[in-house]
Structures are given as C-alpha cells and as structure tokens.
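> pasting the structure only:
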C-alpha cells in the first residue's frame, strides 16, 4: 500500500506537470492549420504562438459576455503596448441554435473592433483545448507554452467573462 501511495505521489509531483505541459503544447499546436475568419482584421500566423505568451478567447457573435470579454482584451492590449503577446479569438458555436448569420457577425466585429486574429473553431481545436463546451472561455499560456490560467463562463454564474486585471495577472 505504501508503494502504491509513493508511486501516485511521484506521478503527481514529477509526471503530472509534464503531461499537462504536453496537453498545453498540443492545444497551441492545434492552431497551426487554423483558418482566419474573413471578418478578421489580422491574419493568423501560426508562428505567433511560439515562444511568447498567448491569450485565446473562444467566442460567438451571439454571446453577450463575449462582447465584454473582447473589450477586456482590448484594455490589456492597450496596457501592454509593444510587449510580445499574441491574442487570438476562436469562433466556436457560431451556428448554435440556428444558422450562421453574417450580419450578426458584422455587428459583433463593429462593436468589439478586435485588433487580433479571429479564427474558425473546429471540434479538433475544441478537443485540443480540453473540449470547450461553454463560451466565453479564455485560456492564457506563458511563453513556455504552458497554460497559466483559464476562465470558463458557467451557467447561471454572476461572473460572465474574464477581466483585464485577471488577464494581466495571468500574463505575469
């Protein structure tokens, strides 16, 4: 019994961080073939997620808290200036509850004016990030590619989106 407890403890201390780091790297690597949305102000460059902090926001144009989260991301971008941080919006669940609506997406873009690449989500990307089931979901990675922080909007929660302060803290 002591041997089993020792092995489990060893895994938790030594091997679990390696597994988690591999999962984090897998998440960022899943973006290498991602398609930039036509409405995106910036083209997505896969190299932009290497050796620098990355902030990933999963969103849909019909999601009110996603609008707020994009506003918070804009505050962070303004605060950090030229610091090398990559921000990415991944459009997920856009057709949930019906068809995609280009006019709705155009209104969302006009409202939020994201200054970062917006890419098309997919089941593969969702799975690589731990199967994203709710939006907004935000994941922050350090320059080493390891996940440092995650926010998931839970059903019925008072807190609906990540704040600029939380994002800044996760980037430090």
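Received the coordinates, thanks. Please read all numbers here as calculations on a predicted model, not as lab measurements.

> ranges for the helices of the chain?
2-10, 16-29, 64-80, 102-112, 123-128, 164-171 (DSSP state H).

> Redo the ones you listed as CSV? Include mean pLDDT and mean neighbour count.
Bear in mind the C-beta positions are built from the backbone N, C-alpha and C, glycine included. Formatted as CSV, the helices of the chain follow (pLDDT from 0 to 100; neighbours: other CB atoms under 10 Å):
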stretch, mean pLDDT, mean neighbour count
helix 2-10, 48, 9
helix 16-29, 59, 15
helix 64-80, 96, 18
helix 102-112, 94, 14
helix 123-128, 95, 15
helix 164-171, 96, 17
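
> Can you tell me the centre-most residue of this protein?
For the chain, the residue nearest the mean C-alpha position is residue 56 (2.3 Å; CA atoms, centre = their mean).

> For burial, what's the neighbour tally of residue 38?
Number of residues near residue 38 (other CB atoms under 10 Å) recorded here: 9.

> For residue 66, see how far away it is.
18 Å (CB to CB, to the nearest Å).

> cool, residue 133 as well?
In terms of CB to CB, residue 133 sits 15 Å off from residue 66.

> Ok, residue 92 next?
10 Å.

> overlap in contacts of those two?
Taking CB atoms under 8 Å, 6 or more residues apart in numbering as the criterion, residue 92 and residue 66 both touch 59-60, 135.

> For stretch 93-109, measure first residue to last.
End-to-end distance for stretch 93-109, by CA to CA, to the nearest Å: 16 Å.

> Over to stretch 109-129?
24 Å.

> who's in contact with it?
Residues outside stretch 109-129 that contact it (CB under 8 Å, 6+ apart) are 26-27, 29-31, 34-37, 39-45, 48, 56, 58, 61, 67, 70-71, 73-74, 77, 86-94, 132, 137, 139.

> Restricted to buried residues, select those residues in ChimeraX.
Selection of buried members from the contacts of stretch 109-129 for ChimeraX, criterion 16 or more other CB atoms under 10 Å:
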select :27,30,31,34,37,40,44,48,56,58,61,67,70,73,74,77,86,87,88,89,90,91,92,93,94,132,137,139
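
> so of the contacts of stretch 109-129, which ones are in strands?
Counted as lying in strands by DSSP state E, out of those, are 56, 58, 86-91, 137, 139.

> Any chance of those residues in JSON lines with distance to residue 108 and pLDDT as columns?
As requested, the ones in strands among the contacts of stretch 109-129 are arranged in JSON lines below (distance: CB to CB, whole Å; pLDDT from 0 to 100):
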{"residue": "56", "distance to residue 108": "17", "pLDDT": "98"}
{"residue": "58", "distance to residue 108": "14", "pLDDT": "98"}
{"residue": "86", "distance to residue 108": "21", "pLDDT": "96"}
{"residue": "87", "distance to residue 108": "16", "pLDDT": "97"}
{"residue": "88", "distance to residue 108": "16", "pLDDT": "97"}
{"residue": "89", "distance to residue 108": "10", "pLDDT": "97"}
{"residue": "90", "distance to residue 108": "14", "pLDDT": "97"}
{"residue": "91", "distance to residue 108": "10", "pLDDT": "97"}
{"residue": "137", "distance to residue 108": "17", "pLDDT": "97"}
{"residue": "139", "distance to residue 108": "20", "pLDDT": "97"}
